[in-house]
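>>> Have a look; sequence and predicted model below, questions after that.
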Amino acid sequence: MINFEYARATDIVDAVRQMAADPTAKFIAGGTNLIDLMKEDVERPSRLIDISRLPLKTVEETTTGGVQIGALVPNSDLAYHPMIERRYPLLASAILAGASQQLRNMASTAGNLLQRTRCAYFYDTATPCNKREPGSGCSAITGLNRGHAILGTSEACIATHPSDMCVALAALDAKVHVAGPAGARLIAFSNFHRLPGATPQRDTNLEPNEIVTAVELPPQGFAANYSYLKIRDRLSYAFALVSVAAALELEGGTIKTARLALGGVAHKPWRDTAVESAMRGRSADADTFAQAAEQLLRDAKGYAHNAFKIELARRAVVRALTQAAQGRPQSQSNKAIG
Amino acid sequence: MAQASSPARQVQNKISTPAKMTVTLYVNGVARKLDVAPWTTLLDLLRDHLGLTGTKKGCDHGQCGACTVLLDGRRINSCLTLAVMKDGTHVTTIEGLAKDGALHPLQQAFIDHDAFQCGYCTPGQICSAAGLIAEGKAKSADEIRELMSGNICRCGAYPNILAAIQQAMGQS
């Protein structure tokens, strides 16, 4: 870890001002990803601006019936918040599927959104990586790519976004509140993270001096019919090979609304509203789920070691939708997949 | 970028040792005022500045849990925590769990169940289990296993660790 300067922000305006004054500075909140990347020399900020004491730690109902989550709410507090457990259990479940309790106690809501990929080449400063060093090349495309993306990849990057929480936020149609020198704005979750394209160094559409202040959930939480199913190499404390956030609104056996997002397969949580629309009005049965899975993975492309993810994702989609339809969400402690 | 390449900026970048900062941490109930560099982790502060070597450095990347301590009662990875950010907090390490010469129930339970072999992960396991019990979320064996998954034991003492935690939970 290189030496750096440290300063605390007194409020959001001060945080933005300090960041604008030093283009090589970074915000720090939980630090669980940033400190790790600094120890690996992947991140080399000249200055850390500590935002961890800003008053962004509340979970509150909005006037429109949704819920606003402060950017600094720790992941564990969010997962165990009574309102989130009751109204948005898909989000609670996805959070508890990721990391460890120690890390969830430290990691912030906004930090979860802004964590970087765990691609081994991104971490290994001895190898080319377009995300770490634009223009240097992608080592994963021709390297060991078992954990890498199968959807939305580019010739520049096949990294995945590692978050579980974000997969649920995508399915729930969350919005991201940000503040910057030009004032505050709202970003739809589907437009927050980016596909790699030719600029994989940019993970999100956040502008350089902007800061995330909150994540907002719309009123509909799909608490009756949901499941977060995460498939990984060991039963706990591992990143997803494939994960599925499934949520259904049912009328009898008919699908009124469907939400489907995949983790571990792309540079951002993968959602396709055309697939969800096609499920509307159809029977919540195996045929419908299989067709949705087929359609969601229609453009998937496997590389040398990760082609297995395509069929794995199809089957995980069907299983998660089945669990959701039956009102039997995947447990994150009993690992048997029902 | 004009700013980044200005002479003042270049001089600033050559400063390799930014000023130390004074922080006060309440470690195992005792106020400790220390001057620390911004990049000093809580783990290094405990071990190198305070000589509290019970907290272990395993992976130093938040993957093994050997560095687990309680910060204001919550379990965290001290290796990924900057000490300067935790001014004014209360830290409990393995050295602070025993009270009045009596072992903490978890320490006694780990002995009773032979819940270790080499012992390197044990301080982190015990601090993590203390955090787990305080959280009150784990009831079943499955839930204990899941919520202890941030603590790796390469000797594989997991069944005995689980039994020790269940014993201590029964007492709390």
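Alright, I've got the coordinates.

>>> For the rest of this, base every contact and every neighbour count on C-alpha atoms.
OK.

>>> Mind splitting the chain into its structural domains?
Because you didn't say which chain, this covers chain A. A:5-52, A:226-325 (automatic domain parsing).

>>> wrong chain, I was asking about chain B
Taken from automatic domain parsing, chain B resolves into B:19-96, B:105-171.

>>> Turn those domains into CSV, including mean neighbour count and distance to residue A:192.
Shown next, in CSV, are those (neighbours: other C-alpha atoms under 10 Å in any protein chain shown; distance: least, C-alpha to C-alpha, whole Å):
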stretch, mean neighbour count, distance to residue A:192
domain B:19-96, 20, 26
domain B:105-171, 19, 29
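
>>> State the next helix or strand along the chain beyond the helix-or-strand element of chain B with minimal mean pLDDT.
The weakest-scoring helix or strand in chain B, judged by mean pLDDT, DSSP states H and E, is helix B:7-14 (a mean of 48). Going down the chain from helix B:7-14, the next helix or strand is strand B:21-27, by DSSP states H and E.

>>> Now do that following strand: distance to the chain's middle.
Relative to its chain's centre, strand B:21-27 lies at 16 Å (C-alpha atoms, centre = their mean, to the nearest Å).

>>> Which SSE is immediately downstream of that strand?
Criterion used, DSSP H and E; the element after strand B:21-27 is strand B:30-36.

>>> send the alpha carbons of that next one over as PDB?
C-alpha atoms of strand B:30-36 as PDB (Å, rounded to 0.1, in the frame of the first residue of the first chain):
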ATOM      1  CA  VAL B  30      -8.500   1.300  28.300                       C
ATOM      2  CA  ALA B  31      -8.100   4.600  26.500                       C
ATOM      3  CA  ARG B  32      -5.100   4.500  24.200                       C
ATOM      4  CA  LYS B  33      -3.900   7.800  22.600                       C
ATOM      5  CA  LEU B  34      -1.700   7.100  19.600                       C
ATOM      6  CA  ASP B  35      -0.100   8.900  16.700                       C
ATOM      7  CA  VAL B  36      -0.700   6.800  13.600                       C
END
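
>>> who in chain B is up against chain A?
For chain B, the contact set with chain A under C-alpha under 8 Å from any C-alpha of the partner chain comprises B:1, B:4, B:13, B:16-19, B:38-39, B:61-62, B:65, B:68, B:74-77, B:80-81, B:85, B:128, B:142-143, B:145-150.

>>> State the distance from the residue nearest to residue B:42 when sequence neighbours are not counted to residue A:46.
In this structure, residue B:42 finds its nearest non-sequential neighbour in residue B:83, 4.6 Å apart by C-alpha to C-alpha, 6 or more residues apart in numbering or on different chains. The gap separating residue B:83 from residue A:46 is 18 Å, by C-alpha to C-alpha, to the nearest Å.

>>> Equivalent analysis for residue A:82, please.
Taking C-alpha to C-alpha, one finds residue A:82 at 40 Å from residue A:46.

>>> Of those two, give the one with the bigger neighbour count.
Applying other C-alpha atoms under 10 Å in any protein chain shown to residue A:82 and residue A:46 shows that residue A:46 carries more neighbours, namely 17 against 13.

>>> What lies in contact with stretch B:35-54?
Contacts with stretch B:35-54, where a contact means C-alpha atoms under 8 Å, 6 or more residues apart in numbering or on different chains, come from A:1, A:3-6, B:18-23, B:55-57, B:67, B:78-84, B:93-95, B:123.

>>> how long is that stretch from one end to the other?
For stretch B:35-54, the end-to-end distance is 22 Å (C-alpha to C-alpha).
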